[in-house]
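Enquirer: any chance you could fold what I've pasted below:
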Amino acid sequence: MNRICLICQNVDCKNRGSEELMKELSKRVADKSLTDVEVRPYMCFGACQEGPNIVLYPEKSWYAEVKMEDLNDIVDHLCGGPDVKRLDKIDPSLKDLIYQLLDTGVF
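Expert: Modelled structure (predicted):
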């Protein structure tokens with residue numbers, strides 16, 4: 001099953017470095033030969049104040065306030081390691097709403 005790393009590219013997340021995070025995460029995924037992982041931009045998750053935001057789908061892990069130094073732990077998760085609990089900061093009701101949208105194929 002393919003997994004998707006969605007990285008918010010709306011203005012707030014971009015101002016906090018999401019473009020650079022997406023480039024670096026794409027590079028690290030390729031370096032690890034994670035052929036089942038696709039890194040993609042996403043327009044907005046609606047948690048602008050918590051950005052940059054990354055959602056791993058279909059496993060439904062949401063990482064907020066991601067910084068470059070967090071990418072090693074996120075890549076470890078993609079390689080089968082544990083969720084990065086310290087980055088799980090989003091209100092559960094917003095998570096549920098976004099996950100429902102993603103479940104319908106809106107991405």
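Enquirer: state the distance from P92 to A64.
Expert: Noted for P92: a distance of 13 Å to A64, by Cβ to Cβ, to the nearest Å. To be clear about C-beta, it is placed using only N, CA and C from the backbone, and glycine gets the same treatment.
Enquirer: can you check D70 too?
Expert: In terms of Cβ to Cβ, D70 sits 10 Å off from A64.
Enquirer: what touches both of these two?
Expert: L87 (Cβ atoms under 8 Å, 6 or more residues apart in numbering).
Enquirer: please enumerate the strands of the chain.
Expert: With strands called from DSSP state E, the chain shows them at 3-8, 37-42, 54-57, 61-63.
Enquirer: now the ones you listed in CSV, with mean neighbour count and distance to G105?
Expert: Formatted as CSV, these follow (neighbours: other Cβ atoms under 10 Å; distance: least, Cβ to Cβ, whole Å):
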stretch, mean neighbour count, distance to G105
strand 3-8, 22, 11
strand 37-42, 18, 13
strand 54-57, 22, 11
strand 61-63, 23, 18
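Enquirer: now these in JSON lines, with mean pLDDT and distance to L101?
Expert: Output for the strands of the chain, formatted as JSON lines (pLDDT from 0 to 100; distance: least, Cβ to Cβ, whole Å):
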{"stretch": "strand 3-8", "mean pLDDT": "97", "distance to L101": "11"}
{"stretch": "strand 37-42", "mean pLDDT": "97", "distance to L101": "10"}
{"stretch": "strand 54-57", "mean pLDDT": "98", "distance to L101": "10"}
{"stretch": "strand 61-63", "mean pLDDT": "98", "distance to L101": "13"}
